[in-house]
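Colleague: Pasting the sequence and the predicted coordinates here, then a few questions.
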Amino acid sequence: MDLIDKIATDVKKKKELSAISCEFIKKTIKSHLSSDSKLKKFFENHESKTLNRSSRYKEFIKRIRAELRKVYGVYAKENFEKREELLNKGDYDSILKSHLSTKERINIYPKLYKEIWKITGKPKSILDLACGMNPFSFKYMGLKKIKYLAVDISKEDAKLINKFFKKEGIDGQAKIMDLLEIKKRDLFENFPNFDVVFLFKFLDTSIIKSKKVGEQLIKNVPSKRVVVSFSKKTIGQKEMKKANREWVLKMCERLGYEVKTLNFQNEIFYVIKK
Ligand SMILES: C[S@@+](CC[C@H](N)C(=O)[O-])C[C@H]1O[C@@H](n2cnc3c(N)ncnc32)[C@H](O)[C@@H]1O
């Protein structure tokens with residue numbers, strides 16, 4: 001087993017992180033090692049069998065896990081482990097409550113989608129980026145015939161969502177996609193066009209270290225309509241002092257995009273027309 005595979009296998013031993021795609025975990029490891037060539041050499045020269053006992057190795061595994069928790073693990077709420085069971089029972093509200101983002105949104109869904117469709121018109125196709133468990137809110141959308149593509153970084157979540165689409169007869173697909181790749185290439189080059197793109201609560205996550213990534217994603221998504229949202233609470237559930245994301249409004253003005261704001265108690269939505 002090569003070094004990166006070994007580290008990824010050890011990182012994944014924590015159950016709450018085991019659902020993240022291997023490719024994404026390896027990319028995170030590589031990026032950390034590339035900025036620390038001494039540590040990389042130390043790992044490479046160390047006997048593989050005894051590496052796990054080294055304190056530098058243990059500390060590195062902790063560091064990678066901490067980063068992955070920020071990106072993914074932190075959103076897991078009650079019943080996260082039981083989602084398969086909940087899916088079989090058709091208890092989709094409990095699945096929505098098993099993820100922090102959808103849990104915070106559950107009470108506003110019916111109103112939220114009505115308000116969005118008032119602006120965009122009812123879509124026939126949706127692209128849900130960094131979707132989390134949002135596809136399980138489908139029943140609140142009030143849509144019938146729809147093509148739904150959902151992407152995120154977890155293989156397990158994609159499996160669960162695909163099962164849901166199949167069970168409910170929705171023409172949908174969930175797949176793995178690392179949105180940060182947008183920094184290197186046009187991610188959506190071979191995508192069909194979508195009526196609406198959701199980019200809910202992604203642009204604030206700690207990994208998006210610059211607004212440029214947000215702007216690039218909004219510009220590149222294969223749709224005229226993008227709905228971008230931001231939480232008004234911190235991960236620790238404290239109210240944010242400044243919930244408005246002025247940069248979105250400024251960006252829209254600069255690029256000549258129309259934007260309407262939907263301001264809910266826990267979350268602010270910008271409905272953008274490019
Ligand atoms: C705050 S949650 C929002 C989930 C969902 N959009 C919602 O609002 O209900 C952020 C999501 O981004 C996903 N994510 C993190 N990094 C990602 C990346 N590089 N590419 C795609 N998705 C990512 C996480 O797995 C998580 O589901």
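Modeller: Cool, got the structure.
Colleague: mind saving the C-alpha coords of stretch 264-271 as PDB?
Modeller: Taking only C-alpha atoms (Å, rounded to 0.1, in the frame of the first residue of the first chain), the coordinates of stretch 264-271 have been written out as PDB:
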ATOM      1  CA  PHE A 264     -35.600  34.000   6.700                       C
ATOM      2  CA  GLN A 265     -34.900  33.800  10.400                       C
ATOM      3  CA  ASN A 266     -32.000  31.300  10.100                       C
ATOM      4  CA  GLU A 267     -30.900  31.700   6.600                       C
ATOM      5  CA  ILE A 268     -30.500  34.300   3.900                       C
ATOM      6  CA  PHE A 269     -31.100  33.400   0.200                       C
ATOM      7  CA  TYR A 270     -29.900  35.300  -2.900                       C
ATOM      8  CA  VAL A 271     -31.900  34.400  -6.000                       C
END
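Colleague: Contacts (any at all) between the ligand and it?
Modeller: No. Contact of stretch 264-271 with the ligand is not found when judged by Cβ under 6 Å from any ligand atom; the minimum separation is 8.3 Å. The way it works is simple: take the backbone N, C-alpha and C, and place the C-beta from them, glycine included.
Colleague: How far off centre is that stretch?
Modeller: Relative to the centre of its chain, stretch 264-271 is centred 17 Å away, using Cα atoms, centre = their mean, to the nearest Å.
Colleague: Strands along the chain, start to end?
Modeller: If you assign secondary structure with DSSP state E, the strands in the chain sit at 125-129, 147-152, 171-176, 196-200, 225-231, 258-263, 267-273.
Colleague: Which one of those strands lies nearest to residue 38?
Modeller: When these are ranked by distance to residue 38, counting by Cβ to Cβ, first place goes to strand 171-176 at 32.2 Å.
Colleague: Tabulate the strands of the chain (JSON lines), appending distance to residue 248 and mean neighbour count.
Modeller: Conversion of the strands of the chain to JSON lines gives the following (distance: least, Cβ to Cβ, whole Å; neighbours: other Cβ atoms under 10 Å):
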{"stretch": "strand 125-129", "distance to residue 248": "15", "mean neighbour count": "23"}
{"stretch": "strand 147-152", "distance to residue 248": "21", "mean neighbour count": "22"}
{"stretch": "strand 171-176", "distance to residue 248": "27", "mean neighbour count": "16"}
{"stretch": "strand 196-200", "distance to residue 248": "11", "mean neighbour count": "23"}
{"stretch": "strand 225-231", "distance to residue 248": "6", "mean neighbour count": "22"}
{"stretch": "strand 258-263", "distance to residue 248": "7", "mean neighbour count": "15"}
{"stretch": "strand 267-273", "distance to residue 248": "5", "mean neighbour count": "20"}
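Colleague: now those strands in TSV, with mean pLDDT?
Modeller: Converted to TSV, these look like this (pLDDT from 0 to 100):
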stretch	mean pLDDT
strand 125-129	98
strand 147-152	98
strand 171-176	98
strand 196-200	97
strand 225-231	95
strand 258-263	97
strand 267-273	97
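Colleague: of those, which approaches residue 14 most closely?
Modeller: Comparing these by their distance to residue 14 (Cβ to Cβ), the top pick is strand 147-152, with 18.6 Å.
Colleague: Any idea which residue of the stretch 101-250 of the chain lies closest to the ligand?
Modeller: Proximity of the stretch 101-250 of the chain to the ligand (Cβ to the nearest ligand atom) peaks at residue 132, 2.7 Å away.
Colleague: Please enumerate the helices of this protein.
Modeller: Taking DSSP state H, the helices of the chain run over residues 3-11, 22-34, 37-45, 48-51, 55-71, 83-89, 92-97, 100-105, 109-120, 155-168, 211-220, 246-255.
Colleague: Write out the residues of the chain neighbouring the ligand.
Modeller: Taking Cβ under 6 Å from any ligand atom, the part of the chain that reaches the ligand is made up of 71-72, 75, 101-102, 130-132, 134, 152-154, 177-180, 200-202, 205, 207.
Colleague: what about 5 Å?
Modeller: Where proximity means Cβ under 5 Å from any ligand atom, the interface of the chain facing the ligand comprises 71-72, 101-102, 130, 132, 134, 152-153, 178-180, 200-201.
Colleague: So which of the helices of the chain is nearest residue 186?
Modeller: Across these, the minimum distance to residue 186, taken as Cβ to Cβ, is reached by helix 211-220, at 5.8 Å.
Colleague: Give me the helices and strands touching the closest one, please.
Modeller: strand 225-231, helix 246-255 (3 or more Cβ pairs under 8 Å, 6 or more residues apart in numbering; DSSP states H and E).
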